[in-house]
Each structure stands twice: as structure tokens, then as C-alpha cells.
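Undergrad: any chance you could fold what I've pasted below:
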Amino acid sequence: MTVHMPKKILVIDDEVYIRDSVIGFLEDFGFQVADAENGKIGLELFETQNPDLVLCDLRMPEMDGLEVLARVRLKNPKIPIIIVSGAGNISDTVEALRLGAWDYIIKPIQDMNVLYHAVNKAFERADLILAKHRYEEDLETANRELRLSLETLERTRDQLVQSEKMAALGELVAGVAHEINTPVGVGVTAASFLDAKTTEFKKIYAAGELKRSEFENYLQTVEEVSNSILINMERAAELISSFKQVAVDQSSESRRQFNLKEYINEILLSLRPRYKKTEHTIEIDCEPDIELNSFPGAFSQILNNLIMNSLIHGFQGIQKGHITVTISRQGKDILFVYQDNGRGMNKEEKEKVFDPFYTTMRGKGGTGLGMSIVFNLITQTLKGSIECESSPGRGVVFTLKFPEHWENG
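TA: Residues are numbered from 1 along each chain as shown. Below is the predicted model of the structure:
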């Protein structure tokens, strides 16, 4: 049970009959009252009694009410002070209000209800100010906690985004490594076969038993095997070159000049291991002369996330998925339209598709950051926009638009 202590009022007035009448009236209403006959004693009591409200006359010996007001306000700017003033002291009363007095009462006090009303109004106002102050403190505390939470969330988000990028890069490395194994394996097998044939040929030649037909057969074998090695090594070199550039771009945020169509083909080459064993197809229709001085890493991640979104989500339960990417100029902008014929999205999925951490694969490895990353890359890095159109059973269409000539700021 909360015990409410009575409010304490300090009455400072040099006229004893006024003090006595005011004290008696206030005590009848449950207030605790201390009194002083001049401003000097009043200030001493103020420091020792710590009152909740001060009633102060203006015309007093030792120290007048204006000086008392100034000193009290200096010690406690929030305490309510009510001036008790004679009818002839209006100019002083106005000055007192200017200095911070809360209210004034003209004496002699004809109706004590005026005093009661002024005191109650002052305490109500003080309570409101205190409540406001506490609310502001609570709000500031909540804001600090919110700022800390946001900073923590941003750090966590950045870590998750980096993890998502590294995971994608890891899958890219694994896929390309597997893809490179095929031409390298063929090349090694062909080189081993050629080495064995050369050793056999040298033995026949050293024994002086070499026939013209054997020599011609050997030359034909060398030509065929060498051609096979060259084709497969060129294929491996192409894969390594594409992977190297895409991997560097995907792990950095640097800006450089590049041909958009050629770069997209490099991205698709590095992504091919992800879908080559399926019946899904990807078709690119891009104007060949679009040269950008922009952020290739952003394009790599955008296209990677869009394609993986289709392969993992859009083509779930679909055997032959088809992706079309159409890129063209539209005035000073590049129009990038990505479309698949997958299962599409319902209204809720469509509305939340760009929300961070939203995924329909919760618990199955989905982080829900892929399309959020795409949105941020388009709107922040490339200074563009992205829109999504989709309905169940009708696939998705992502329409991206961004300036052809990227400008800082």
C-alpha cells in the first residue's frame, strides 16, 4: 500500500494575521505548512524544509519578494511559487511573473477559495510537469535502448549479408571447381594417352623397326589428342577467367567499366553448374553495346539471387523451368526485365518479397535475405527501382530500372 505524504507549503509574509489565516486554512485541507516573517528567514527555511510550494509576499523587510523569487528559482527552477501581492503592487507582480512566478493572489484575500484554487492548480501543473519529465526520461531511455537495438540489428544484418555473399561465393567455387574438373580430366587423360603412345613410338623408332604407316598413325594420333587437349584447356581457362572476375566482383564493391551483355554471360557461365543437370533453361536478350561504368559486383549478386530464387522457390515441383532476361535502353535508363514461368507467388508472398528475413523456406536453409539484398543493391548502389508482378501459377516478373550513367551522390 502506497502512503502519500502531505504536500508541504512555505508561507513567507511579514503580516502575522495573514500568515495565521493562511496557515489555518491550508492545514484544514491537510497541507503541512511552515512560515517565515521575512525573506531572509524564508530562504533559510526553504533550504532546510524543502517545501513543495512557496507562497511569498512582495513587500517585506530584510529581503523583498522579488529577491526571494530569484534565489528560490536559482536553487530549484521547478518549484511552484505563488506571489501574494497588494493591490498597489501590480507592476511588481508582473515583474514576478516574468521572473518565473506561477500565479499571483491579491491581498487582502477576501475569499480563501481563491487561495485553495491557486494552490491546487499549481500542484496539478507541477504533477503534470513531473509526469512529463518522467515520460521524457523514459522516452530517452527507450530511444537509447532502441538505438542500441538498431545498431545491434544493423551489425547482425551486415554479418548475415556478408555470410550470404560468402555462402554464394562458396557455392560458386564448388560449382566451378566441379565444372573445371571435366575439361581438366579430359586433358590429363589425353596427355597420358599421348605420353604412352610417344613412349611406344620411341621404342619402335630406336629399334629401327618404324614403318611409314606407323609413323602416319602416330602423327594422326598426336594431331587428334593435341586438339582435344587444346579444346579442353581453353574451356578450363575460359571457366577460370569468368569465375575469377565474377568472384572478385562479388566479394568487392569496386566500380569499373564493363560490357553488360558480356559480363552477364560470364555470370551465367559461373552459375551453369547450379542448373546444368536440370531441364531448366535461361535465355538472355541484351543489347550488345551497353557499356557501363558501374558496380559489376552488384549485377553479379542481383542476377545470382534472382536466378537462385527461381531455381529454389519458383521452380519447386516444376521440371522444365524457363527464365528470360531482357535488357534494353529506355531513354537515359537501363530497363532490366527478369521473368520466369515458375509457380508464382500469392498476395502475401508478393507483398513481403523484399522484406528482410522473409522466407517460405524457414528451417530449410533459407535466410530470407536474398531479395532484400537485391532491393538494396538496386535502390541504393545502382540508384534505381524494382517492381514485382506475380500471381499463383503464372511465374514472376521483376522489372528493374536504373540510370545508364551512374553518378555519385
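
Undergrad: alpha carbons only for contacts and neighbour counts from here, please
TA: OK.

Undergrad: how about stretch 48-57: buried residues?
TA: Of the residues in stretch 48-57, 51-57 count as buried by neighbour count, 16 or more other Cα atoms under 10 Å.

Undergrad: contacting residues around that stretch?
TA: The contact list for stretch 48-57, computed with Cα atoms under 8 Å, 6 or more residues apart in numbering, reads 7-14, 34, 64-65, 79-85, 123.

Undergrad: circling back: for the buried residues of stretch 48-57, which one is nearest D20?
TA: L55 (13.0 Å; Cα to Cα).

Undergrad: is that closest one within a helix or a strand, and which one?
TA: For L55, the host element (DSSP states H and E) is strand 53-57.

Undergrad: same question for I334.
TA: Assessed by DSSP H and E, I334 sits inside strand 333-340.

Undergrad: alpha carbons of that strand, as CSV, please.
TA: Presented in CSV, the C-alpha positions along strand 333-340 are these (Å, rounded to 0.1, in the frame of the first residue of the first chain):
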residue,chain,number,x,y,z
ASP,A,333,17.9,4.4,-68.1
ILE,A,334,18.5,0.7,-68.4
LEU,A,335,15.4,-1.5,-68.3
PHE,A,336,16.2,-4.9,-66.9
VAL,A,337,13.2,-7.3,-67.0
TYR,A,338,13.6,-10.7,-65.3
GLN,A,339,10.8,-13.3,-65.9
ASP,A,340,10.3,-17.0,-65.0
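
Undergrad: that strand: partners in the sheet, and parallel or antiparallel?
TA: The pairing partners recorded for strand 333-340 under DSSP bridges are strand 322-330 (antiparallel), strand 396-403 (antiparallel).

Undergrad: now, of these, which is deepest in the fold?
TA: Here the criterion is mean neighbour count by mean count of other Cα atoms under 10 Å, and of the strands paired with strand 333-340 the winner is strand 396-403, at a mean of 20.

Undergrad: now that strand: how far from the chain's centre is it?
TA: With Cα atoms, centre = their mean, to the nearest Å as the basis, strand 396-403 stands 22 Å off its chain's centre.

Undergrad: and K350, what is it in contact with?
TA: By Cα under 8 Å, 6+ apart, K350 lies in contact with 388-390.

Undergrad: let's go with 7 Å and repeat that
TA: The neighbours of K350, taking Cα atoms under 7 Å, 6 or more residues apart in numbering as the test, are S390.

Undergrad: how close does it get to Q380?
TA: In this structure, K350 and Q380 are 21 Å apart, going by Cα to Cα, to the nearest Å.

Undergrad: what is the neighbour count of V22?
TA: By the measure other Cα atoms under 10 Å, the count of residues near V22 is 20.

Undergrad: okay, it: pLDDT?
TA: For V22, the pLDDT comes out at 90.

Undergrad: what strand or helix carries it?
TA: helix 16-28.

Undergrad: now K8: phi and psi?
TA: phi -110, psi 130 (degrees, to the nearest 10).

Undergrad: please give me every residue in contact with the closest residue to it other than its chain neighbours.
TA: Spatial nearest neighbour of K8, chain neighbours left out: Q32 (4.6 Å); criterion: Cα to Cα, 6 or more residues apart in numbering. Residues in contact with Q32 (Cα under 7 Å, 6+ apart) are 6-9.

Undergrad: okay, the residues you listed in JSON lines with distance to A190, secondary structure and pLDDT next?
TA: Shown next, in JSON lines, are these (distance: Cα to Cα, whole Å; DSSP: H, G, I helix; E, B strand; the rest coil; pLDDT from 0 to 100):
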{"residue": "P6", "distance to A190": "102", "secondary structure": "coil", "pLDDT": "87"}
{"residue": "K7", "distance to A190": "102", "secondary structure": "coil", "pLDDT": "90"}
{"residue": "K8", "distance to A190": "104", "secondary structure": "strand", "pLDDT": "93"}
{"residue": "I9", "distance to A190": "105", "secondary structure": "strand", "pLDDT": "93"}
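
Undergrad: and the angle for the longest helix seen in the chain with strand 53-57?
TA: Counting residues, the longest helix found in the chain (DSSP state H) is helix 112-206. On the basis of axes from the mean of the first three to the mean of the last three Cα atoms, to 10 degrees, helix 112-206 is oriented at 140 degrees to strand 53-57.

Undergrad: check the offset of helix 112-206 from the chain's centre.
TA: Centroid separation for helix 112-206 versus its chain: 10 Å, with Cα atoms, centre = their mean.

Undergrad: for it, give the mean pLDDT please.
TA: The average pLDDT within helix 112-206 is 77.

Undergrad: which other helices and strands does that helix contact?
TA: Secondary-structure packing of helix 112-206 (3 or more Cα pairs under 7 Å, 6 or more residues apart in numbering; DSSP states H and E): helix 212-250, helix 260-275.

Undergrad: now it against helix 260-275, angle please.
TA: Relative orientation of helix 112-206 versus helix 260-275 (the same axes, to 10 degrees): 80 degrees.

Undergrad: report the angle between helix 112-206 and helix 16-28.
TA: Interaxial angle, helix 112-206 versus helix 16-28 (the same axes, to 10 degrees): 60 degrees.
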